[in-house]
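[1] Please work out how this folds:
(4 chains)
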Protein chains: 2
Amino acid sequence: MNTRGPYLAEIASLMGDPARANMLHALMDGRALTAKELAWIAGVAPQTASGHLGKLMQGGLLAVTVQGRHRYHRLTGPEVAQALEGLMVLAGAGTGGRRLPARVGAELSQARTCYDHLAGRLGTAIHDALVTGGHLAVAEGGYGLTASGEAVFAALGIVLPDRPPRRALLRPCLDWSERRPHLAGHLAAALACRCFETAWVLRRKDSRAVTLTQGGRAALAAALPGFVCDAPEPVSRERPEPAPACA
Amino acid sequence: MNTRGPYLAEIASLMGDPARANMLHALMDGRALTAKELAWIAGVAPQTASGHLGKLMQGGLLAVTVQGRHRYHRLTGPEVAQALEGLMVLAGAGTGGRRLPARVGAELSQARTCYDHLAGRLGTAIHDALVTGGHLAVAEGGYGLTASGEAVFAALGIVLPDRPPRRALLRPCLDWSERRPHLAGHLAAALACRCFETAWVLRRKDSRAVTLTQGGRAALAAALPGFVCDAPEPVSRERPEPAPACA
DNA sequence: GGGATGTTACGGCGAGCGCCGTAGCATTCG
DNA sequence: CGAATGCTACGGCGCTCGCCGTAACATCCC
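    Model prediction:
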């Protein structure tokens, strides 16, 4: 008989409430937010949000770090983000595609963060350039780097871990807007981090959408021959944040 | 603001009902079942099941093919199975691991089907042997084969498609029980199909668990040096089905 | 054609749960 | 210390939705 269904339903129903789904979606960029921020994002009162957050924590989807009178909530790990992405692939295809409100959809699918790495056309462009350049090798739990690949990351100013990290070095992650893989994993996170540090890529406020600057485009193309990303300069309605701290 | 949350919640809540989750879980082996069978699996009356199936179809998760007075329901595609697997990774980790009822869990995590390919320890063993043998190459939308890899599949009696199929040739898929990747994609499906044809692997009744026979172990090891799978011969409580038809 | 089977449509019952108001606890700041 | 802020606990309201009984329709078998 079917013994796993109930557990599956337990997790899915946690994500199946609009308020909770909004919260989880907002946390997919890997940052930690307070209960009040999440309440605002979900469009409910703080008391309601508190209840939701409790359930999500009990379900193991969220972890919390207390800092003074603030409680910062974050996804417990990349698996959670990946599960959410898997659902968004279906939500995007949904009843037949055209469900993204035009502008927001365009910005998000152009370039965004996915948990702690880059996604959207930008993310898949990086993936494709590394693939066609022969910089990736199939390794135990995902991708590894060839010699030329190590050179590319060195040129980008990213130091490779001397010991293989617990988390996979690089790993494909299905992009819900492009329906093709982008790169996740330790190095993908390091790359995203580097991009924010150097202001090659800028975060936007209240959105997972990000912006590739002209400098960033040049820097990536220099270190990574074959990189092309059609992302246009932003119309800059709301000005992007200055390079934020990078944990 | 957050515009994708609602769509995400819509899909997740479809999976968030125990009855529907059981149905989806049962369909993850890629076969098509009738409404009555699904009703029995979910433990509800046929009328109730009909309602659930209607919702799942409207949500785009299920497709139906009518055959006489029977209506066969199946997942609309591998994306659905992958989204479900993503959730099962979380459900397995859940509140802390030990949630699988011992025996069923052991059988399922030993070897099972995942939509249309092999998973569990068997699936990851095949993946690992191909990786360490250097038979896989990173390709556009997933993995490709090296020359030696093509030889392996030829030795297994699998003909490679002469034109690249729409679906990725090979693609890693996170295994919820092993928490490591196994192989999905066109060739993985072909391999599973071949395994059932030749009775290298036998399906079990009413379960996604499968059994690697001695002959299968020998055949895989012969074509794929480095393949080791600790799967024991089954205790054979319920005898496995004879090799079923393979679409 | 008549009965059996598989499936869907409708309606009412009941429970679960999301929502917020009030209240209480911890932390920070003036 | 007292006020303000962030968050959680509790309780009641209201609505949704899962469930099944009855009924209707289509298909198959004899």
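[2] all contacts plus neighbour counts: C-alpha atoms, from now on.
    Noted.
[3] Got phi/psi on the nearest residue to residue A:209 once chain neighbours are set aside?
    Of all residues not flanking residue A:209 in the chain, residue A:112 sits nearest, at 4.1 Å (C-alpha to C-alpha, 6 or more residues apart in numbering or on different chains). Residue A:112 adopts backbone torsions of phi -160, psi 170, taken as degrees, to the nearest 10.
[4] which residue does chain A bring closest to DNA strand C?
    For chain A and DNA strand C, the shortest gap (C-alpha to the nearest atom of the strand) falls at residue A:68, measuring 3.1 Å.
[5] residues near that residue, how many?
    Using other C-alpha atoms under 10 Å in any protein chain shown, residue A:68 has 6 other residues around it.
[6] Distance-wise, check it relative to residue A:57.
    From residue A:68 over to residue A:57 the distance is 19 Å, taken as C-alpha to C-alpha, to the nearest Å.
[7] Now do the SS call for residue A:137.
    Recorded secondary structure, residue A:137: strand (DSSP: H, G, I helix; E, B strand; the rest coil).
[8] Run through the bridge partners of it.
    residue A:144 (DSSP bridges).
[9] Ranking helices and strands of chain A by mean pLDDT, which lands last?
    Least confident helix or strand, chain A: helix A:102-110 with a mean of 68, by mean pLDDT, DSSP states H and E.
[10] For chain A, give me the ranges with low pLDDT.
    Across chain A, the ranges flagged by pLDDT under 70 are A:1-6, A:93-105, A:141, A:166, A:179, A:205-206, A:231-247.
[11] let's see 50
    Applying pLDDT under 50 to chain A picks out residues A:1-2, A:94-100, A:102, A:234-247.
[12] what residue is smack in the middle of it?
    Centroid check for chain A by C-alpha atoms, centre = their mean gives residue A:114 as the closest residue, at 1.0 Å.
[13] Got phi/psi on it?
    Note on residue A:114: backbone dihedrals following degrees, to the nearest 10 are phi -130, psi 100.
[14] how much space between it and residue A:123?
    Distance of residue A:114 to residue A:123, computed by C-alpha to C-alpha: 9 Å.
[15] Check residue A:40 too.
    29 Å.
[16] neighbour-wise, which of the two wins?
    Remark: of residue A:40 and residue A:123, residue A:123 carries more neighbours, 28 against 15, as counted by other C-alpha under 10 Å.
[17] which residue sits closest to that one, ignoring its sequence neighbours?
    Once flanking residues are discounted, residue A:123 sits nearest to residue A:182: 5.2 Å by C-alpha to C-alpha, 6+ apart.
[18] hey, where'd the helices end up in chain A?
    In chain A, the segments counted as helices under DSSP state H are A:5-15, A:18-27, A:35-42, A:46-58, A:78-93, A:102-110, A:120-132, A:147-155, A:186-197, A:214-223.
[19] any chance of the ones you listed in JSON lines, plus distance to DNA strand C?
    Output for those, formatted as JSON lines (distance: least, C-alpha to the nearest atom of the strand, whole Å):
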{"stretch": "helix A:5-15", "distance to DNA strand C": "7"}
{"stretch": "helix A:18-27", "distance to DNA strand C": "5"}
{"stretch": "helix A:35-42", "distance to DNA strand C": "8"}
{"stretch": "helix A:46-58", "distance to DNA strand C": "5"}
{"stretch": "helix A:78-93", "distance to DNA strand C": "18"}
{"stretch": "helix A:102-110", "distance to DNA strand C": "23"}
{"stretch": "helix A:120-132", "distance to DNA strand C": "29"}
{"stretch": "helix A:147-155", "distance to DNA strand C": "40"}
{"stretch": "helix A:186-197", "distance to DNA strand C": "27"}
{"stretch": "helix A:214-223", "distance to DNA strand C": "37"}
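[20] need the ones you listed in CSV with distance to residue B:74, can you?
    Listed next are the helices of chain A as CSV, based on distance: least, C-alpha to C-alpha, whole Å:
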stretch, distance to residue B:74
helix A:5-15, 16
helix A:18-27, 26
helix A:35-42, 34
helix A:46-58, 30
helix A:78-93, 15
helix A:102-110, 30
helix A:120-132, 30
helix A:147-155, 42
helix A:186-197, 36
helix A:214-223, 44
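[21] Of all those, which one comes closest to residue B:77?
    With distances scored as C-alpha to C-alpha, the stretch of those nearest to residue B:77 is helix A:78-93 (10.0 Å).
[22] For residue A:30, give me its contacts.
    Counting by C-alpha atoms under 8 Å, 6 or more residues apart in numbering or on different chains, residue A:30 makes contact with A:74-75, A:114-116.
[23] Tell me which two of these sit farthest apart.
    The span of these, defined through C-alpha to C-alpha, is set by A:74 and A:114 at 13.5 Å.
[24] on that earlier part again, nearest to residue B:45 among the contacts of residue A:30?
    Nearest member of the contacts of residue A:30 to residue B:45, counting by C-alpha to C-alpha, is residue A:75, at 37.7 Å.
[25] The residue nearest to the closest one when sequence neighbours are not counted: how many residues sit nearby?
    In space, and not counting its chain neighbours, residue A:75 is closest to residue A:62: 4.5 Å by C-alpha to C-alpha, 6+ apart. Using other C-alpha under 10 Å, residue A:62 has 21 other residues around it.
[26] quick one: contacts for residue A:62?
    Counting by C-alpha under 8 Å, 6+ apart, residue A:62 has contacts A:53, A:56, A:73-76.
[27] Dump those into CSV; add neighbour count and distance to residue B:88 as well.
    Converted to CSV, the contacts of residue A:62 look like this (neighbours: other C-alpha atoms under 10 Å in any protein chain shown; distance: C-alpha to C-alpha, whole Å):
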residue, neighbour count, distance to residue B:88
A:53, 23, 21
A:56, 20, 16
A:73, 23, 22
A:74, 23, 20
A:75, 24, 16
A:76, 15, 15
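[28] Of these, which ones also sit close to DNA strand D?
    Applying C-alpha under 7 Å from any atom of the strand to those, one finds that residue A:53 fall near DNA strand D.
[29] how about CSV for the contacts of residue A:62, with distance to residue A:211 added?
    Conversion of those to CSV gives the following (distance: C-alpha to C-alpha, whole Å):
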residue, distance to residue A:211
A:53, 30
A:56, 31
A:73, 25
A:74, 23
A:75, 24
A:76, 27
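[30] If the residue nearest to the centre of chain A is in a bridge, with which residues?
    Residues in beta-bridge contact with residue A:114 (DSSP bridges): residue A:117.
[31] Would you confirm that it contacts residue A:81?
    Yes: counting by C-alpha atoms under 8 Å, residue A:114 does reach residue A:81; the two are 7.5 Å apart.
[32] so what sits against both of these two?
    Residues touching both residue A:114 and residue A:81 (C-alpha under 8 Å, 6+ apart): residue A:28.
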